[in-house]
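1. here's a sequence, model it:
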Amino acid sequence: MAQPTPDRDGVRADNRHMVVKLAVIAVAMFGFGYALVPMYRAICEALGVNVLSLAERNAAGIGTLDARNMQVDPSRTITVEFDANARGPWEFKPASRSIDVHPGELATVMYEFRNVQDRSMTAQAIPSYAPKQATAHFNKIECFCFREYTLAPGESRQWPVVFVIDPKLPKDVTTITLSYTFFEVGGKMPAPPNAAAPSTVKGAAS
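-> Below is the predicted model of the structure:
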């Protein structure tokens, strides 16, 4: 008895279904890549992780912190180290590598950026903190993180980070590292940086 022949129409239909599924998956993965930043922001807000500036929180109606009413603790000194990671051919660095502050004291550090390319580019930054338990106690009053900036060829800019450390910071934390990764919008999305402690060079905040 002759063996039954495969249903070619059925095979073709299965192949078409598989192609459609793969195309949907590819589009979904592409969209997921572009959605990482707002997802990262929403997750951090839901968990209470302070990676956004308070100015951005005010714009979103999330709440405020009046640093003027925060009690300064002169008995403690926290060394805040600043790190910069550039994901591309441009210059990005803090004006000061580290400063010493008291909990509750308002402080400022400047970050410097220069586009060394022969074309305009748009970029933004993602912050991270070390140690992790310091994250909830590092309150940024003003910050350039998560905002997109367009710079012309050769253009240089400076951006401030204004912050205050909550006096409720655990007593065993004496050093905090604030690290930024600066990357071009539309390029490959980097993972949030692991804040590595850079070599310490004492200096006053700009």
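2. mind listing what Gly186 touches?
-> Thr122 (C-beta atoms under 8 Å, 6 or more residues apart in numbering). C-beta coordinates here come from the backbone N, C-alpha and C atoms, glycine included.
3. any idea how far Asn115 is from it?
-> 15 Å (C-beta to C-beta, to the nearest Å).
4. and for Val162?
-> 24 Å.
5. looking at these two, which one has more neighbours?
-> Using other C-beta atoms under 10 Å as the criterion, Val162 and Asn115 rank with Asn115 on top: 24 against 18.
6. tell me where the protein has helices.
-> Using DSSP state H, the helices assigned to the chain run over residues 8-34, 36-47, 54-60.
7. outline the domain layout of the chain.
-> With domains defined by automatic domain parsing, the chain comprises 9-47, 51-184.
8. ok, of those domains, where does mean pLDDT dip lowest?
-> Comparing mean pLDDT over the domains of the chain, the weakest stretch is domain 9-47, at a mean of 62.
9. burial of Pro127, as a residue count?
-> 25.
10. my read: it touches Ser179, true?
-> Yes. Between Pro127 and Ser179 there is a contact under C-beta atoms under 8 Å: 6.8 Å.
11. how about the strands in this structure?
-> 78-87, 91-94, 98-101, 106-114, 121-130, 138-142, 149-151, 156-165, 175-184 (DSSP state E).
12. in the shortest one, what counts as buried?
-> Within strand 149-151, the residues that qualify as buried are 149, 151, counting by 16 or more other C-beta atoms under 10 Å.
13. what do you get for the first one?
-> In terms of neighbour count (16+ other C-beta under 10 Å), strand 78-87 has its buried residues at 78, 80-87.
14. quick one: contacts for Asp73?
-> 102-104, 167.
15. equivalent analysis for Pro167, please.
-> 70-73, 76, 103-104.
16. and if we set it to 7 Å?
-> Residues in contact with Pro167 (C-beta atoms under 7 Å, 6 or more residues apart in numbering) are 71, 73, 103-104.
17. mind checking which of these are buried?
-> 73, 103-104.
18. got these as a markdown table, with distance to Arg147 columns?
-> Shown next, in a markdown table, are the buried ones among the contacts of Pro167 (distance: C-beta to C-beta, whole Å):
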| residue | distance to Arg147 |
| --- | --- |
| Asp73 | 31 |
| Pro103 | 27 |
| Gly104 | 27 |
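19. and these, which is closest to Phe138?
-> Pro103 (10.6 Å; C-beta to C-beta).
20. isn't Ala134 right next to Val173, touching?
-> Yes. Assessed by C-beta atoms under 7 Å, Ala134 is found in contact with Val173 at 5.4 Å.
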